[in-house]
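In: My questions are about this predicted structure, shown below with the sequence.
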Amino acid sequence: MFEDVYKSYRPGAPVLRGMNLVIERGEFVFVTGASGSGKSTLLRMLYRAETVDQGRILFMGRDVARLTSESVPFLRRNLGVVFQDFKLVKPWSVYENVAITLEVLGLPSRLIRARVGEALDRVGLQGRGEDPAGVLSGGEQQRVAIARALVGEPALLLADEPTGNLDPQLALDILGLFEEINDSGTTVFFATHDRSLLDVRPRRLIVLDEGKAVDVRGGVSPPFRAEYASLPH
Amino acid sequence: MIFGPIGTTMRARRGMLREWRLQALSVFSLAVAFVCLGAALLVVSNLNALEERWAHAGRASIYLKDTATQDDVEAFRGALAKVPGVTQVKYVSSGQARAEFGAEEVPVHPELAALPVEAFPASIEIEVRPDLPDVELQAIVAKVHQLPAVDDVETYRAWTDRLASLVRGGVAASMLLALVVLAAVLAVVGSTIRLALQRRSTEVEVLRLVGATDAFVKGPFLIEGSAQGAMGAIGALGLLAALFAIVRMRMDGELWSLIGVEPSFLPWQMALSMVVLGALLGAVAALLGLRKLVAV
């Protein structure tokens, strides 16, 4: 839940100005908006890579904006984040890239092996654990990043333009993967400016415009298309 | 369990193996710095042993006046033999002293053969217990000096004092070198860690994103810095040991018997201290290098 959130990087040019937004548990929400509209900022504030200037961001009953720096790692253990540039450690193997999420939690290695195996199965990379991450294709690397994000069973999965570096068909595959994850109960917050993805899925859509969130409940599916079209892009 | 000391060590090992060229260069640079310190310590420890040996040489030469009679000498010898701590008393006449000098020096310096026997005063050589405190030896010397038949007393303390001064100079030089080593370790390990951080920035960023604590992120880098420092010191000790063995093989054994001390390598406590110092300095340098750890 975002309550009256303000954020600016330069004086007099706020990115977010009094933004309010409520996301329910288990929802799949698209966030879109023009470049510089604050999509990434919104996500970065959620995993506390950015701090808010004013307002509150409530997640699991706590105000993310007020967390001490010592508490931030524990916040992030309840979140999964997927990026456009994958952010994989290239010299590490696929297994190592995924397992790090659980190593941080201090789980026994036997349990880590089992859960990483399950996560790789879910993203369609079974048997690829030993491969160096650097030699995988773009689509495969993004699958590894998704496996890393979901292996810790986070309450919220954040995706910052996760299909930005992929061709349209791969982008749809990856979107399908996020939807499968969402079907199992994980809340997904998916930032994209890819209109084709928004067109094919009738999901709740948040459009960031002039620092505020405009909620289009049915996404760009036919009944709401006019509402979406009236927004500036 | 991957988190904890074993997991951290495993991750440090993984990082070091992946960056082995960088690590090797760093260890080599540190070894060079530690060789300087080790060499200075080696010299100081041997000079110190020599000083200890000479300080407890336990002997003195009592030079007699020309006017001393045979009765004076006999009475003197008898009295000295009864002094607690004195283990041996030996009279050396002028003629004997001249003969000993001639046997040792004249073959090398023939011009000294013309020295008259009067140039060599008769003396009484005494030996005392090696553990006799210096204060007690000085007390004996002071009493002997007051006797009318005694011209001078030589305890070789001047040599010991000179050696002590040399040792003090060596210790000061070692301290200075320790500071140089300190600066070298901080610079080399700090730079290596910063470079490693730069090369592994994605790794650090990923660790932050998945909820790693500061300790989890920094732990392996601290171990890497510590290992570099320790390995640099161990490398230096190995190099010094090899150099020491070569020098010792080429030196004349008679030289050592003449000065009364066999040269020895650094005591194990000192060698261990060097390794521990290297590890500690490496960890501190790594910690300083991690100050600008990428914040995500």
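Out: Structure received.

In: center of chain B, which residue is that?
Out: residue B:45 (1.7 Å; Cα atoms, centre = their mean).

In: For it, which non-adjacent residue is closest in space?
Out: residue B:266 (6.0 Å; Cβ to Cβ, 6 or more residues apart in numbering or on different chains). In short, each C-beta sits where N, CA and C put it, glycine included.

In: Tell me how many other residues surround residue B:276.
Out: When neighbours are defined as other Cβ atoms under 10 Å in any protein chain shown, residue B:276 has 13 of them.

In: in a strand, that's where it is, yeah?
Out: No: assessed with DSSP: H, G, I helix; E, B strand; the rest coil, residue B:276 is helix; it does not lie in a strand.

In: my guess is the residue nearest to the centre of chain B contacts residue B:268, does it?
Out: No: counting by Cβ atoms under 8 Å, residue B:45 sits too far from residue B:268 to count as a contact (11.5 Å).

In: Give the buried residues for stretch A:12-19.
Out: A:14, A:15, A:16, A:17, A:19 (16 or more other Cβ atoms under 10 Å in any protein chain shown).

In: Quick one: residues in contact with the top helix by length along chain A.
Out: For chain A, the helix that runs over the most residues, judged by DSSP state H, is helix A:168-183. Under the criterion Cβ atoms under 8 Å, 6 or more residues apart in numbering or on different chains, residues A:26-28, A:122-123, A:138-139, A:142-143, A:146, A:150, A:157, A:159, A:162-163, A:166, A:188, A:190, A:194, A:196-197, A:200-201 lie in contact with helix A:168-183.

In: ok, residues contacting the next helix or strand after it?
Out: Per DSSP states H and E, the first helix or strand lying C-terminal to helix A:168-183 is strand A:187-191. With contacts defined as Cβ under 8 Å, 6+ apart, strand A:187-191 is touched by A:23-32, A:39-40, A:42-43, A:46, A:155-162, A:175, A:178-179, A:181-182.

In: Could you check how far residue B:144 is from residue B:60?
Out: Distance, residue B:144 to residue B:60, using Cβ to Cβ, to the nearest Å: 8 Å.

In: overlap in contacts of those two?
Out: Shared contacts of residue B:144 and residue B:60, counting by Cβ under 8 Å, 6+ apart, come down to residue B:153.

In: between these two, which one's more packed in?
Out: residue B:60 (22 against 19).

In: Please list all residues in contact with the closest residue to that one other than its chain neighbours.
Out: Of all residues not flanking residue B:60 in the chain, residue B:155 sits nearest, at 4.7 Å (Cβ to Cβ, 6+ apart). Residue B:155 is in contact with B:59, B:60, B:137, B:138, B:141, counting by Cβ under 8 Å, 6+ apart.

In: try 7 Å
Out: Residues in contact with residue B:155 (Cβ atoms under 7 Å, 6 or more residues apart in numbering or on different chains) are B:60, B:137, B:141.

In: what about the second one, distance to residue B:47?
Out: This points to residue B:137. Going from residue B:137 to residue B:47 by Cβ to Cβ gives 22 Å.

In: Now do the helices in the chain.
Out: Since no chain was named, I'll use chain A. A:39-46, A:72-76, A:94-103, A:109-122, A:138-150, A:168-183, A:195-200, A:222-229.

In: I was after chain B.
Out: B:5-18, B:20-55, B:70-81, B:94-105, B:134-145, B:157-199, B:201-209, B:214-250, B:253-259, B:268-289.

In: just checking, what packs against the second one?
Out: Judged by 3 or more Cβ pairs under 7 Å, 6 or more residues apart in numbering or on different chains; DSSP states H and E, the packing partners of helix B:20-55 are helix B:157-199, helix B:214-250, helix B:268-289.

In: what do you get for the first one?
Out: Based on contacts counted as 3+ Cβ pairs under 7 Å, 6+ apart, the elements that helix B:5-18 packs against are helix B:214-250.

In: Same check on the last one?
Out: Taking 3+ Cβ pairs under 7 Å, 6+ apart as contact, the helices and strands that helix B:268-289 lies on are helix B:20-55, helix B:157-199, helix B:214-250.

In: Output those helices in TSV, with mean pLDDT and distance to residue A:56 appended to each entry.
Out: Listed next are the helices and strands packed on helix B:268-289 as TSV, based on pLDDT from 0 to 100; distance: least, Cβ to Cβ, whole Å:
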stretch	mean pLDDT	distance to residue A:56
helix B:20-55	83	45
helix B:157-199	80	34
helix B:214-250	90	26
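
In: Tell me which residues touch residue B:141, please.
Out: Counted by Cβ under 7 Å, 6+ apart, residue B:141 has contacts B:60, B:153, B:155.

In: 10 Å - rerun?
Out: B:60, B:62, B:126, B:150, B:153, B:154, B:155, B:157 (Cβ atoms under 10 Å, 6 or more residues apart in numbering or on different chains).

In: For chain A, give me the ranges with low pLDDT.
Out: A:217-233 (pLDDT under 70).

In: Show me what the residue nearest the centre of chain A is bridged to.
Out: What sits nearest the mean C-alpha location of chain A, by Cα atoms, centre = their mean, is residue A:158, with 1.6 Å. In this structure, residue A:158 bridges to residue A:81, residue A:189 when assessed by DSSP bridges.

In: Is it in contact with residue A:75, as I believe?
Out: No: at 11.9 Å, residue A:158 does not count as touching residue A:75 under the criterion of Cβ atoms under 10 Å.

In: list the residues that contact both of the two?
Out: A:46, A:47.

In: Pull up the residues of the stretch 101-250 of chain B that are close to chain A.
Out: B:199-200, B:202-217 (Cβ under 10 Å from any Cβ of the partner chain).

In: PyMOL command for the buried members of those residues?
Out: A single PyMOL command selects the buried members of these (16+ other Cβ under 10 Å):
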select buried, chain B and resi 200+202+203+204+205+206+207+208+209+210+211+212+213+216+217
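
In: per-domain residue ranges of chain A.
Out: A:1-78+A:157-233, A:89-153 (automatic domain parsing).

In: who wins for proximity to residue B:275 among those domains?
Out: domain A:89-153 (30.2 Å; Cβ to Cβ).

In: Pull up the distance across that closest one, start to finish.
Out: One end of domain A:89-153 sits 21 Å from the other (Cα to Cα, to the nearest Å).

In: what's the answer for stretch A:63-71, then?
Out: 11 Å.

In: swap in stretch B:200-219?
Out: Start-to-end, stretch B:200-219 (Cα to Cα) is 14 Å.

In: from the chain's centre, how far out does it sit?
Out: 44 Å (Cα atoms, centre = their mean, to the nearest Å).

In: same thing with stretch B:176-188?
Out: That offset, for stretch B:176-188, works out to 19 Å (Cα atoms, centre = their mean).

In: who touches that stretch?
Out: B:25-30, B:32-41, B:174, B:225, B:228-229, B:232-233, B:236, B:274, B:277-278, B:280-282, B:284-286, B:288-289.
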